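Engineer: pasting the sequence and the predicted coordinates here, then a few questions.
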Amino acid sequence: MADAQTISGAQLCSLTGLTDRRHRQLAADGYFPSPIKGEYQLTPTLQGMFRYYREQQHRGNDDLATERLRKTRAEANLAEIRLAKERKHALDKDSVFRCWENILMVIRQKILALPSKVAPRLVYMDDQKVIEDELEKEVTNALEELSKPQTYDDATQDEVQEGEEQSSQTPEATAET
């Protein structure tokens, strides 16, 4: 130290483990006075460094607390989802997908069956009104059949336990007619 009240930039770097550039940034941020000819004022600089380190420690604790809070919220959300599934208030997206796939398959089959079902009767009809009535009757019958409750295979998968991987199989479509 050149003077009892100052500390050189090199000595401050060896004490703090920071570079002179970082010290100058901290001085510009207001932690301590800027150096004069490479010399820092000893007491205000050390006080500023202690304040900087306390803030860094507090910021680290805040980050850790934020991450713990985020993790706790995620775990609570997962628990709510599991509870809703157990109470049958929520459904697994794969089972909903399989169910809708089955429903659409049945609708497709009914619609595709209409021409072969109606064509033999329509071939002998000449009146447009009679043909429209016959088509309307068959469409109505098909819609009535579709409106009846259908049972579909609902093979719900067990929850994936920690450490296990879920297979990425595509669900097979099986429709009951």
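Structural biologist: Good, I have the coordinates.

Engineer: helices of this structure, start to end?
Structural biologist: Counting by DSSP state H, residue ranges of the helices within the chain are 9-16, 20-28, 42-86, 93-122, 128-147.

Engineer: of those helices, which is nearest S34?
Structural biologist: helix 20-28 (4.4 Å; C-beta to C-beta). C-beta: built from backbone N, CA, C; applies to glycine.

Engineer: got the domain ranges for the protein?
Structural biologist: 6-83, 91-147 (automatic domain parsing).

Engineer: mean pLDDT added to those, as JSON lines?
Structural biologist: Output for the domains of the chain, formatted as JSON lines (pLDDT from 0 to 100):
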{"stretch": "domain 6-83", "mean pLDDT": "91"}
{"stretch": "domain 91-147", "mean pLDDT": "88"}
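
Engineer: dump these to JSON lines, plus mean neighbour count.
Structural biologist: Formatted as JSON lines, those follow (neighbours: other C-beta atoms under 10 Å):
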{"stretch": "domain 6-83", "mean neighbour count": "13"}
{"stretch": "domain 91-147", "mean neighbour count": "12"}
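
Engineer: grab the most central residue of the chain for me.
Structural biologist: For the chain, the residue nearest the mean C-alpha position is A74 (10.5 Å; C-alpha atoms, centre = their mean).

Engineer: quick one on the thing from earlier: adding distance to S34, write the helices of the chain out as a markdown table.
Structural biologist: Formatted as a markdown table, the helices of the chain follow (distance: least, C-beta to C-beta, whole Å):
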| stretch | distance to S34 |
| --- | --- |
| helix 9-16 | 11 |
| helix 20-28 | 4 |
| helix 42-86 | 10 |
| helix 93-122 | 60 |
| helix 128-147 | 81 |
